[in-house]
Structures are given as C-alpha cells and as structure tokens.
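# missing the sequence, but the structure's below:
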C-alpha cells in the first residue's frame, strides 16, 4: 500500500481529545438532542441516552480508536490489516458512509452558517414561531441561498483540513471546543434566569416512569451510538494519528464524557427557555430553527443571545464535518499515495457537488425521488440505517474477536487493565453492542 508522505500525528493528548470530542459532538448535541428529548418525554430519553453512551458507546468507540492506532490508518486500511481481505469491504463501506454523511451534513451546516449571518445582521429573532418556520422553508427552498450557504460551510471545512492535522484540525479544535462550551454556558445561565425555566430542567432530569415508552428507549439507543460518530470511520482515522505514548482508554473516556456533557448542556440551553415562554417542547426538528428565534425575540438583548446560539450551532457543525472530510481525504493518501492537498481538493470537489444536489432537494429537486426519498433523505437514511450499522458490526467483530490480541495490546499500552476489565470491555463491545445495533437498525428500516 503506497505511502506518499510521513503520516500526520497529534502534537498533544489534549489536541486529540478536543478534536475527537468536536467530531462526536457535532449538531447532534445542540440541534438533534434537544428536539429528540422534547419528542420522547425528556428524562425518559435523556437518562437512557447517557447510560448507553457511557457503557456500550464508550466500549465501541474505544475499540475503534484501538483499531485505528494499531493499523496506523483509517477504516479502509485498518480492516484490511487487522481483519484480512474478507473484512476489507466493511472498511470501504465505512469510508463511503462517512463521505456520504458529509454530502448532506454540509447542507445542514450551511443552514447554521446562514442563520449565524442572519443573527449578526439582527434578523434572527421573531415573536411568532410560525413566521420563522415559513422563513426557513423559503430559505431552504431557494436554490441560490441554500446552495450558497452550503458552499460557504464546505469551504470553511476544506480550508481547515487543508492546513493539516496539527496546524489545522488540532489548532482549530483547541479554540472552537472551549468556545463552544463557553457560549453554551452563557446561554444556559441566561435561560435559567427566566421565570418558569426550572420546569424545563425538571422535564429533562426528573424520572417519570409513567411516561416510559419502548419507542423512547429505542431512540435513546440510536442516538447514543450514532452521536459518538461510531462506525463512520472518522474516529478510527483520528485514532490512527494517536501516539503510542498515550493511553487509549482514558483518552476515549474523556471524549465520551465531553460528548455527553455537550448533549446535556444542549438540552439545558434550549428546554428551560422553551418552558419559560410556554412553547411546545415537542416541535421536532424545527425546535432549533423555528422555535428558538421566538425565544430570543422575547428576551432582553435577544439579538446578542441569538448570535451566541447560532455560533454554537456553526462551531458544532464545523468540528464534526472537519473530521469526516479528513477521514475521506486521508483514505486516498493511505490507499493510493495521493498528496494531502490533492486528496483534500479532489474529495472536497466531489462531495461539494453532492452537497449542492442535496441542497436542491428542498427546492427545484424536491420532486426528484429515489425509492420514495429525495437525495438528502436517501443519503440520511442509507448512512444512518445501513452504512453505520454495518461499520459498527464490523468494528465489534474485528476488534473483539478477529484481532482481539491486537486490541488487548492497544488497551494495555500505558495503562493497567485487569483481566476482569478486559472481559467486561469485550462483553460490552463484542456482545452487547451488536445486539443493540441490530435492534436500532431493525427499527430504522421499519422491521420493528
């Protein structure tokens, strides 16, 4: 397998943790988690999500990091090196899945860029959620505006990746991740000061057994796995840059803790304000782009807080998209010896065009359907319900059975793992994880 240049590496453990946490956090914490909690009973969704993330999710993500570092390559390399030729297709599926995710994810990132610009211009606050919902639909269906926003976001992503791992991704992660948490805390403090805000906190944290549903539990399983970016190849690629001097287990635990914390903060950033103003917590995906502007429209200095909120969204989207583009480009460097610059430019060009067609799915191409779905919906469905589950199942099988000795060596490097701890890890990542993944995948494709 050709190697055109010396492989990149993280300059510090902190840089690795912050960049990886940025990949895991993404829009899930701020956009998806609050509306998922709102539509699934609050604490009934939130508490199981935290439990799944800190157990099975942590074990599987640790296994992915181990595979990446052991192979010194992303999914396309690691499955071949550690599992053999029979597992190579799984690696390729993971790489393709990650690339396709970026194809439609950048469209949502473009929405974030658009609303940040609108907030900076003082046009992101309203008093009626239906007004903002109509404005969002008009924007997303406008081919010039939606494609332009996608191009702005994708250009920012490519610019960071072009600068490299240490000077680009790591440096940006060290700035953007602390900034994200600071902005979220500012918004949380302001929201909690509103009369009636504590009802939103109770909604998120007070257990309500009577509200429990199997649907909420299944949704929590799915969110816990896929919010950590497990199975898409990006985390395995980040693990391949990790020094042998760093202990994988504790570092990955920090990543998961930061991702879980970001989701909790995302809920606290939105739900108290929603309850304080008597708005519906179950507004679905429109909670962020339609309901929150109405919240800011009723707040003193609402324009300022709107800027902070949409800056959070933009930062979260950017840190996640960076990891996906890096993984996709690095595959061509590892597999075919491309220069880094050529790989980034080529992949960016192709996925940028895919993103344009996905953006047009809300406007001129809205009636163009594949299997009853627009291109945006098709890529979202295929990656979430087919590609990522295959990647997770392959990861579980190779790390815990086919190449268990290698995984055990990676876990034990610079750390003390007792036989009981290794057994527990193997049980969570190799036995429980596949069961949960199959259940979530079956739900996703409508079998249950």
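That came through fine. As the structure is a prediction and not an experimental result, all values here were calculated from the model.
# can you classify residue 228 by secondary structure?
With DSSP: H, G, I helix; E, B strand; the rest coil as the basis, residue 228 sits in coil.
# I'd like the next helix or strand past the longest helix along the chain.
Longest helix in the chain, counting residues (DSSP state H): helix 302-336. Per DSSP states H and E, the first helix or strand lying C-terminal to helix 302-336 is helix 340-359.
# pull out the buried residues from that next one.
Neighbour counts over helix 340-359 (16 or more other CB atoms under 10 Å) mark 340, 343-344, 347-348, 351-352, 354-359 as buried. All C-beta spots, glycine's among them, are computed from the backbone N, C-alpha and C.
# elements contacting it?
Applying 3 or more CB pairs under 8 Å, 6 or more residues apart in numbering; DSSP states H and E, we find helix 340-359 packed against helix 88-120, helix 143-162, helix 302-336, helix 375-382.
# about what we covered before: and the longest helix of the chain, how far out from the chain middle?
9 Å (CA atoms, centre = their mean, to the nearest Å).
# buried sites along it?
302-335.
# could you give the angle of that helix to helix 88-120?
Orientation check (axes from the mean of the first three to the mean of the last three CA atoms, to 10 degrees): helix 302-336 against helix 88-120 gives 160 degrees.
# what's the weakest-modelled helix or strand in this structure?
helix 286 (a mean of 66; mean pLDDT, DSSP states H and E).
# re earlier: in TSV: the helices and strands packed on helix 340-359, plus mean pLDDT and distance to residue 65.
Listed next are these as TSV, based on pLDDT from 0 to 100; distance: least, CB to CB, whole Å:
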stretch	mean pLDDT	distance to residue 65
helix 88-120	93	14
helix 143-162	95	20
helix 302-336	90	13
helix 375-382	92	25
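# so for residue 390, which of those sits nearest?
Residue 390 lies closest to helix 88-120 among those, at 5.3 Å (CB to CB).
# quick check: angle from that closest one to helix 340-359?
70 degrees.
# could I get the buried residue list for helix 88-120?
88, 90-116, 118-119.
# next one: stretch 419-430
425-426, 428-430.
# with stretch 133-149 instead?
Buried-residue list, stretch 133-149, by 16+ other CB under 10 Å: 133, 135-136, 139-142, 145-147, 149.
# give me the distance between residue 373 and residue 8.
Noted for residue 373: a distance of 37 Å to residue 8, by CB to CB, to the nearest Å.
# cool, residue 246 as well?
In terms of CB to CB, residue 246 sits 15 Å off from residue 8.
# what do you get for residue 114?
Note on residue 114: its distance to residue 8, by CB to CB, is 32 Å.
# same question for residue 152.
Residue 152 is 26 Å from residue 8, by CB to CB.
# swap in residue 314?
25 Å.
# can you check residue 342 too?
Counting by CB to CB - residue 342 and residue 8 are separated by 15 Å.
# where in the stretch 101-250 of the chain is pLDDT low?
The model of the stretch 101-250 of the chain has pLDDT under 70 over residues 129.
# change it to 90
Applying pLDDT under 90 to the stretch 101-250 of the chain flags the ranges 122-137, 163-191, 193-195, 206-233, 244-245.
# let me know the pLDDT of the closest residue in space to residue 33 that isn't next to it in sequence.
Nearest non-adjacent residue to residue 33, counting by CB to CB, 6 or more residues apart in numbering: residue 263, 4.4 Å away. Listed pLDDT for residue 263 reads 88.
# for residue 263, grab the count of nearby residues.
27 (other CB atoms under 10 Å).
# which secondary structure element contains it?
Assigned by DSSP H and E, residue 263 falls in helix 248-276.
# next, the angle from that helix to helix 302-336.
Put simply, helix 248-276 runs at 150 degrees to helix 302-336, going by the same axes, to 10 degrees.
# report the buried residues of helix 248-276.
Those would be 248-249, 251-256, 258-276, for helix 248-276 by 16+ other CB under 10 Å.
# which residues touch residue 356?
Shown in contact with residue 356 (CB atoms under 8 Å, 6 or more residues apart in numbering): 147, 150-151.
# quick one: it from residue 264, how far?
35 Å.
# list the contacts for the closest residue to residue 352 other than its chain neighbours?
Nearest residue to residue 352, sequence neighbours excluded (CB to CB, 6+ apart): residue 154, at 5.1 Å. Neighbouring residues of residue 154 by CB under 8 Å, 6+ apart: 106, 109-110, 321, 348, 351-352, 355.
# kindly report the same for residue 74.
Each residue near residue 74 by CB under 8 Å, 6+ apart is listed here: 68, 91, 95, 233, 236-237, 240, 327, 330-331, 334.
# let's see 10 Å
Residue 74 makes contact with 67-68, 91, 94-95, 98, 233-241, 326-331, 333-335 under the criterion CB atoms under 10 Å, 6 or more residues apart in numbering.
# so what's it closest to, chain neighbours aside?
Spatial nearest neighbour of residue 74, excluding adjacent residues (CB to CB, 6+ apart): residue 237 at 3.7 Å.
# from memory that neighbour sits against residue 99, does it?
No - here residue 237 does not reach residue 99: they are 11.9 Å apart, not a contact under CB atoms under 10 Å.
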